[in-house]
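Colleague: Build me a model from this:
(one chain, ligands or ions: 1)
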Amino acid sequence: MNMPTMVPVLRHNISPFLDPGSRTKANSLAIVQLSRDNLVPVYLQRPTGEHDGYKEGAVVNTKYGSYPHSTMLDVPWGSQIRASKVDTGSRGRKRKRPDGEDAGRPATDNNNNNNNNNTEEKTVETPKEESEPTNGAAAVAKPAVDDNSGFIHILPPTPEIWTMSLPHRTQVVYTPDYSYILHRIRARPGSVLIEAGAGSGSFSHASARAVFNGYPTPEYTKRKGKVYSFEYHEQRYHKMKSELEEHGLEGIVQLTHRDVYKDGFNIDGVSPQADAVFLDLPAPWEALQHLVRRRSTPGNDGWVSPLNPSKSVYICTFSPCIEQVTKTVSAMRRLGWVDIEMVEIAHRKLHTVRDRIGLNLPVDRGVNNSPKDVEEALARLTEIENRAREHARDSQLGGDDADATPMDVDTTTTKQNGNDGRQWSSKPWLDGRLVTRGEPEVKTHTSYLVFAILPREWTEEQEAAALARWPCGGEPKQVIGSLDKASRKKERREMLEKAGKSGDRNSRRKERIEQIGSPPPAPAQ
Ligand SMILES: C[S@@+](CC[C@H](N)C(=O)[O-])C[C@H]1O[C@@H](n2cnc3c(N)ncnc32)[C@H](O)[C@@H]1O
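Modeller: Okay, the predicted model is just below:
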């Protein structure tokens with residue numbers, strides 16, 4: 001009897017960047033959103049006792065309050081988390097650390113209020129070893145107690161959010177740029193990319209998601225999408241290496257510590273066979289010499305091209321100044337790259353709002369309570385004058401509301417109704433003119449992007465094989481569509497005659513009349 005063969009499947013801890021699941025989990029990356037542009041990466045830990053002086057276990061301290069990790073665990077992504085009152089325990093007391101640092105600083109000093117644009121190292125809550133319970137008792141964390149000092153949202157990591165929250169070690173490639181770059185270099189599931197330098201890993205995360213089509217397994221022989229990333233700076237290399245592991249991306253992004261100008265892009269002499277290349281280097285033209293199909297320089301026996309031999313390769317280089325662009329383009333031309341093009345991304349946020357102007361609108365945010373036109377201004381003045389006149393008459397007569405001032409106008413109705421008696425919509429988002437305003441300051445230039453294509457090599461034999469398979473070029477020559485009117489008429493007549501129809505206009509008219517009958521006689525005058 002034939003037994004089905006069992007294929008062992010390697011189970012990977014799938015990256016939260018590729019599949020975060022529906023809820024937060026322990027020992028995984030989550031992003032704490034403090035405000036729209038203020039995001040903090042946190043590695044959530046299950047509380048097992050006092051941590052860093054907090055009885056509730058690990059705590060994220062922000063200017064919007066304190067958040068024990070226990071309150072952020074096992075909740076649906078996107079949940080709003082309320083701040084907690086935390087028991088600082090021993091943290092409140094001054095204690096000296098071995099390095100002489102004061103470990104008893106107040107909770108707010110651990111504020112993760114980051115500025116996204118600085119290039120300084122940001123605080124990332126990384127998993128730390130739990131501190132020993134002080135009294136030798138079982139490690140049990142104190143349950144968190146709600147506080148009304150604020151709230152945060154807990155978000156799943158995505159390359160876009162990571163770009164906004166990552167610890168900056170260098171200038172990074174931002175989302176508007178990398179989304180365009182990945183599209184232009186045809187990065188898609190299954191692509192193999194070369195990236196240099198890795199820097200802070202912003203582009204690496206985005207490209208890993210773009211090429212991902214499963215983790216490589218020994219039994220799956222077809223190659224999977226992969227990013228071969230290179231970084232020259234040793235500290236950055238080590239930091240990024242550990243980040244890739246923590247994010248479950250080490251199978252997708254292969255990071256190598258290397259000066260690519262000198263040593264190129266092959267890994268232990270083996271070609272990555274890249275389909276696309278992204279260079280974010282100070283001198284991309286120096287790396288281009290390694291991105292060729294073949295080398296003529298002596299002493300390169302056994303050298304293989306790092307590029308995929310059976311495909312055209314797409315490249316993008318990212319340079320902040322035009323001098324670098326000029327040098328890159330010259331090198332590309334020399335090395336046979338074609339379709340060279342430079343693009344600058346001009347990123348501009350547009351705010352679309354309803355512009356509500358009018359005296360009769362309720363006082364509300366986004367409402368400008370001034371006359372929307374001359375007509376409304378005149379109507380309002382007339383109304384005030386009439387009331388003033390009435391008031392003067394009433395005071396002469398000594399009426400009941402003689403004390404009322406002209407301004408004691410009942411505005412309740414005018415607040416709700418227009419002068420034309422029209423009720424304002426109770427849906428403010430439908431009122432007013434829809435206007436779109438750009439940012440006053442346009443944050444445009446990040447860098448110049450140079451794109452190019454290196455066609456695949458094509459031998460005489462391949463040309464002959466292609467011609468044999470798809471024969472073309474042997475057809476009789478035929479000119480279609482003559483330029484002058486007489487020739488076009490002649491061509492048409494010949495065509496119609498060939499199709500069995502009459503070539504000249506009068507015969508065609510006669511034929512049609514025969515088919516549908518004569519037109520009715522014109523009416524007598
Ligand atoms: C602007 S950063 C790259 C930022 C990265 N693209 C990102 O999105 O985070 C440039 C990086 O290139 C690295 N680098 C410079 N010269 C290099 C070389 N010859 N080989 C490899 N990396 C190099 C630098 O150390 C630096 O980290």
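Colleague: any idea how far the strand or helix carrying Arg437 is from the chain center?
Modeller: Element membership for Arg437, per DSSP states H and E: strand 433-438. Computed by Cα atoms, centre = their mean, to the nearest Å, the chain-centroid distance of strand 433-438 equals 23 Å.
Colleague: so where do the helices sit in this structure?
Modeller: 159-165, 175-184, 202-211, 234-246, 260-263, 284-288, 322-334, 374-397, 411-416, 460-469, 485-498, 505-516 (DSSP state H).
Colleague: any idea of the mean pLDDT for stretch 237-244?
Modeller: Taken as a whole, stretch 237-244 carries a mean pLDDT of 96.
Colleague: Find the closest residue to the ligand in the stretch 301-450 of the chain.
Modeller: At 7.0 Å from the ligand, Phe318 is the closest residue in the stretch 301-450 of the chain, using Cβ to the nearest ligand atom. All C-beta spots, glycine's among them, are computed from the backbone N, C-alpha and C.
Colleague: so what's that residue bridging to?
Modeller: For Phe318, the beta-bridge partners are Leu449 (DSSP bridges).
Colleague: From what I see, it and Leu279 are in contact.
Modeller: Yes. With contact defined as Cβ atoms under 8 Å, Phe318 counts as touching Leu279 (6.9 Å).
Colleague: before we move on, back to that, can you read off the pLDDT for the residue of the stretch 301-450 of the chain closest to the ligand?
Modeller: At Phe318, pLDDT is 96.
Colleague: residue closest to the middle of this structure?
Modeller: Thr175 (4.1 Å; Cα atoms, centre = their mean).
Colleague: any idea how far Leu166 is from that one?
Modeller: From Thr175 across to Leu166, the span is 12 Å (Cβ to Cβ, to the nearest Å).
Colleague: Then Trp77?
Modeller: Counting by Cβ to Cβ, the separation of Trp77 from Leu166 is 19 Å.
Colleague: Which one's more surrounded, these two?
Modeller: Relative neighbour count places Leu166 above the other of Trp77 and Leu166, with 22 against 17, counting by other Cβ atoms under 10 Å.
Colleague: on that earlier part again, how about the residue nearest to the centre of the chain: what's its closest non-neighbour residue?
Modeller: Glu160 (5.0 Å; Cβ to Cβ, 6 or more residues apart in numbering).
Colleague: for Gly57, same thing?
Modeller: Computed as Cβ to Cβ, 6+ apart, the closest residue to Gly57 that is not its neighbour in sequence is Pro47, at 2.7 Å.
Colleague: hang on, the one you found packs against Tyr54?
Modeller: No. Taking contacts as Cβ under 8 Å, Pro47 lies outside contact range of Tyr54: 9.0 Å.
Colleague: Establish whether stretch 197-209 and the ligand are in contact.
Modeller: Yes. Counting by Cβ under 6 Å from any ligand atom, contacts between stretch 197-209 and the ligand involve Gly197, Gly199, Ser200, Gly201, Ser202, Phe203.
Colleague: Identify the farthest-apart pair in those.
Modeller: The distance between the two most remote of the residues of stretch 197-209 next to the ligand (Cβ to Cβ) is 11.6 Å, for Gly197 and Ser202.
Colleague: Next to the ligand, which bits of the stretch 151-300 of the chain? Give me the list.
Modeller: So the stretch 151-300 of the chain meets the ligand at 170-173, 196-197, 199-203, 230-233, 236, 259-261, 280-282 (Cβ under 6 Å from any ligand atom).
Colleague: Now, those residues that are in strands?
Modeller: Ala196, Phe230, Glu231 (DSSP state E).
Colleague: Could you list which residues are in contact with the nearest residue to the second one once chain neighbours are set aside?
Modeller: Nearest residue to Phe230 in three dimensions, chain neighbours excluded: Ala196, at 4.1 Å (Cβ to Cβ, 6+ apart). For Ala196, the contact set (Cβ atoms under 8 Å, 6 or more residues apart in numbering) comprises Ser229, Phe230, Glu231, Val260, Phe265, Phe278, Leu279, Asp280, Leu281, Ala287.
Colleague: For the third one, grab the count of nearby residues.
Modeller: So the one you mean is Glu231. 27.
Colleague: got a list of what it touches?
Modeller: Ala196, Gly197, Ala198, Gly199, Tyr237, Met240, Leu255, Thr256, His257, Arg258.
Colleague: And the strands in the stretch 1-150 of the chain?
Modeller: In the stretch 1-150 of the chain, the strands defined using DSSP state E, counting those that start in this stretch lie at 29-35, 38-43, 59-62, 65-68, 80-85, 145-155.
Colleague: Turn the ones you listed into CSV, columns for distance to Asn386 and mean neighbour count.
Modeller: Formatted as CSV, the strands of the stretch 1-150 of the chain follow (distance: least, Cβ to Cβ, whole Å; neighbours: other Cβ atoms under 10 Å):
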stretch, distance to Asn386, mean neighbour count
strand 29-35, 50, 21
strand 38-43, 54, 22
strand 59-62, 57, 24
strand 65-68, 55, 25
strand 80-85, 52, 17
strand 145-155, 51, 15
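Colleague: Same list, these, but as CSV with mean pLDDT please.
Modeller: Shown next, in CSV, are the strands of the stretch 1-150 of the chain (pLDDT from 0 to 100):
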stretch, mean pLDDT
strand 29-35, 94
strand 38-43, 92
strand 59-62, 88
strand 65-68, 90
strand 80-85, 91
strand 145-155, 86
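Colleague: Show the pLDDT at the residue lying closest to Gly199 once chain neighbours are set aside.
Modeller: Residue nearest to Gly199 in three dimensions, not counting chain neighbours: Thr170, with 3.9 Å by Cβ to Cβ, 6+ apart. Note for Thr170: predicted pLDDT of 87.
Colleague: Please apply the same query to Lys128.
Modeller: In this model, Lys128 is scored at 42, pLDDT.
Colleague: Asn135 now?
Modeller: Per-residue pLDDT puts Asn135 at 45.
Colleague: Ok, Tyr174 next?
Modeller: Tyr174 carries a pLDDT score of 91 in this model.
Colleague: Enumerate every residue touching it.
Modeller: So Tyr174 contacts Thr163, Ser202, His347, Thr446 (Cβ under 8 Å, 6+ apart).
Colleague: Repeat that for Arg333.
Modeller: Counted by Cβ under 8 Å, 6+ apart, Arg333 has contacts Ile340.
Colleague: swap in the one 5 residues further on?
Modeller: By Cβ under 8 Å, 6+ apart, Val338 lies in contact with Ala452, Ile453, Leu454, Pro455.
Colleague: ok, now how distant is it from Leu454?
Modeller: From Val338 across to Leu454, the span is 8 Å (Cβ to Cβ).
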